[in-house]
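K.L.:
Okay, predicted coordinates and the sequence, questions at the end:
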Amino acid sequence: MNTPDFDKAKFRKTLGQFATGVTVITTLGADERRVGVTVSSFNSLSMNPPMILWSLGKSAYSLPAFQQADFFNVHVLGAEQGALSRCFSNPGADKFNGIKTQKGLGGAPVLPEHAALFECKTAHLYEGGDHIIIVGEVIKFSCNNTTPLVFHRGQYRGIDSLA
Ligand SMILES: Cc1cc2nc3c(=O)[nH]c(=O)nc-3n(C[C@H](O)[C@H](O)[C@H](O)COP(=O)(O)O)c2cc1C
């Protein structure tokens, strides 16, 4: 519980000083609907076994799909994919409108463009305050030599513009 003098806006702003990449993480819902969300909490976790983690807000529409899914795909976005990031950060929207995807492991959708791709098997789910921490075992991965998209202080940046 926040103490009365806890400054939420300042906490958010302070966290924003941590520059991250941007990912879109996708899965296939129980109803065969494609599900995806923009995520910057992605990080590497373990080399042996190969694992990654990320966290999803408990109020996200896509949470039940990710809690039930056996597989999900992490797409690291390239510098030119700011519009895609904005699209997948739209709560509850049909974010795949007009996007052709391929079927990855377990049918989880693979987006046509990305700087890197990690196809994961859901390994663990943990409570983390108002988020659920999702740990995936990396089954397949691939990398393009694209410049990545960067998110810093609430803005999309090029990798050379972190002044
Ligand atoms: C750059 C960026 C990074 C984000 N990272 C996260 C994140 O790590 N975890 C999260 O739960 N939401 C994150 N969000 C917010 C979600 O993308 C947003 O809440 C989305 O609407 C959730 O979709 P849903 O409600 O349809 O599941 C991020 C948004 C942006 C723009």
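P.N.:
Great, that's in hand.

K.L.:
Return the residues of this protein in contact with the ligand.
P.N.:
Within the chain, the positions near the ligand by Cβ under 6 Å from any ligand atom are 22, 37-41, 55-57, 60-62, 85, 89-92, 151. No exception for glycine: its C-beta is placed from N, CA and C like everyone else's.

K.L.:
Backbone dihedrals for residue 106, both of them.
P.N.:
Main-chain dihedrals, residue 106, degrees, to the nearest 10: phi 60, psi 10.

K.L.:
Give me the neighbour count for the residue lying closest to it once chain neighbours are set aside.
P.N.:
Nearest non-adjacent residue to residue 106, counting by Cβ to Cβ, 6 or more residues apart in numbering: residue 71, 3.4 Å away. Applying other Cβ atoms under 10 Å, we find 19 other residues in the vicinity of residue 71.

K.L.:
Now for residue 66, which secondary structure element holds it?
P.N.:
Element membership of residue 66 [criterion: DSSP states H and E] is helix 63-68.

K.L.:
That helix - contacts with which helices or strands?
P.N.:
Here helix 63-68 touches strand 23-28, strand 50-57, strand 131-143, going by 3 or more Cβ pairs under 8 Å, 6 or more residues apart in numbering; DSSP states H and E.

K.L.:
Just send these back as CSV, with mean neighbour count and mean pLDDT too.
P.N.:
Converted to CSV, the helices and strands packed on helix 63-68 look like this (neighbours: other Cβ atoms under 10 Å; pLDDT from 0 to 100):
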stretch, mean neighbour count, mean pLDDT
strand 23-28, 26, 98
strand 50-57, 19, 99
strand 131-143, 16, 98
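
K.L.:
Read off the pLDDT value for residue 12.
P.N.:
With respect to pLDDT, residue 12 has a value of 96.

K.L.:
Next: residue 99.
P.N.:
Note for residue 99: predicted pLDDT of 96.

K.L.:
Kindly provide the distance from it to the ligand.
P.N.:
15 Å (Cβ to the nearest ligand atom, to the nearest Å).

K.L.:
OK, contacts around residue 45?
P.N.:
Residues counted as contacts of residue 45 (Cβ atoms under 8 Å, 6 or more residues apart in numbering) are 51-53, 135.

K.L.:
That one and the ligand: what is the separation?
P.N.:
Counting by Cβ to the nearest ligand atom, the gap from residue 45 to the ligand is 15 Å.

K.L.:
And for residue 139?
P.N.:
Residue 139 sits 22 Å away from the ligand, going by Cβ to the nearest ligand atom.

K.L.:
Does that residue touch residue 117 like I think?
P.N.:
No: Residue 139 lies out of contact with residue 117 (Cβ atoms under 8 Å); the separation is 11.2 Å.
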